[in-house]
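**Q** would you be able to build a 3D model of this:
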Amino acid sequence: MKISLQLSENMHFIATSRHFKDIHVDEPETFQGTDLGPSSVEYILIGIGGCLGSTLTFCLRKNNVEINDLKIYIEGKLSHVGPKNHLRLIEVNAELVLSTNNTDFPEKVESCINTFKEHCVVSNSIIQGLPINVEVMQKN
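**A** Residues are numbered from 1 along each chain as shown. The predicted structure follows:
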């Protein structure tokens with residue numbers, strides 16, 4: 001899995017992932033950006049919410065539970081931490097609001113609610129401490 005990002009202007013990047021083009025990444029004006037797209041931190045939160053939602057949806061559908069509605073709310077808390085006062089994402093809270101039609105199988109719904117989190121690749125990778133290797137190459 002590979003993506004690419006190209007600096008467009010200021011702090012605005014345009015990313016490509018698989019066949020998806022023109023994915024905008026930017027910082028708000030308060031962070032010296034031009035606010036042309038979600039920030040990198042917001043994309044982390046989107047990724048967490050999307051992964052939690054898709055794993056819960058997969059489990060419910062696998063158990064033939066019909067979903068009426070699923071809304072996901074993700075809140076990230078930023079704070080300055082450490083001796084150098086670096087800004088960090090220090091906490092993420094996820095709320096999933098689920099409505100199903102299946103009153104016949106409450107045990108299946110309950111089982112999915114109790115187990116889906118362990119299958120979310122994104123949140124579990126972050127929780128377990130995802131190693132990130134960075135290399136900067138200069139081009140003349």
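**Q** what segments of this protein are strands?
**A** Remark: strands assigned in the chain by DSSP state E are 3-9, 12-17, 20-25, 67-81, 86-100.
**Q** can you give the strand pairings for the first one, parallel or anti for each?
**A** Taking DSSP bridges as the criterion, strand 3-9 pairs within the sheet with strand 12-17 (antiparallel).
**Q** pull out the buried positions in the strand it pairs with.
**A** 12-15 (16 or more other CB atoms under 10 Å). The way it works is simple: take the backbone N, C-alpha and C, and place the C-beta from them, glycine included.
**Q** low-scoring stretches of the protein, by residue?
**A** 102, 104 (pLDDT under 70).
**Q** identify all contacting residues around the longest helix along it.
**A** For the chain, the helix that runs over the most residues, judged by DSSP state H, is helix 40-62. Helix 40-62 is contacted from outside by 25, 38, 67, 70, 72-76, 78, 89, 92, 94, 96, 98, 100, 108-109, 111-113, 115-117, 119-123, 126, using CB atoms under 8 Å, 6 or more residues apart in numbering.
**Q** of those residues, buried ones?
**A** Judged by 16+ other CB under 10 Å, buried ones among the contacts of helix 40-62: 25, 38, 72, 74, 92, 94, 96, 98, 100, 108-109, 112, 116-117, 120, 122-123, 126.
**Q** sorry, back to before: and the angle from the longest helix of the chain to strand 67-81?
**A** If you take axes from the mean of the first three to the mean of the last three CA atoms, to 10 degrees, helix 40-62 sits at 150 degrees to strand 67-81.
**Q** before we move on, the earlier item: output the strands of the chain as CSV; include the columns distance to M137.
**A** Output for these, formatted as CSV (distance: least, CB to CB, whole Å):
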stretch, distance to M137
strand 3-9, 14
strand 12-17, 18
strand 20-25, 21
strand 67-81, 30
strand 86-100, 25
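**Q** so which of the ones you listed comes closest to V134?
**A** Nearest of these to V134, taken as CB to CB: strand 3-9 at 13.7 Å.
**Q** so G76 bridges to which residues?
**A** As assigned using DSSP bridges, the partners bridged with G76 are V92.
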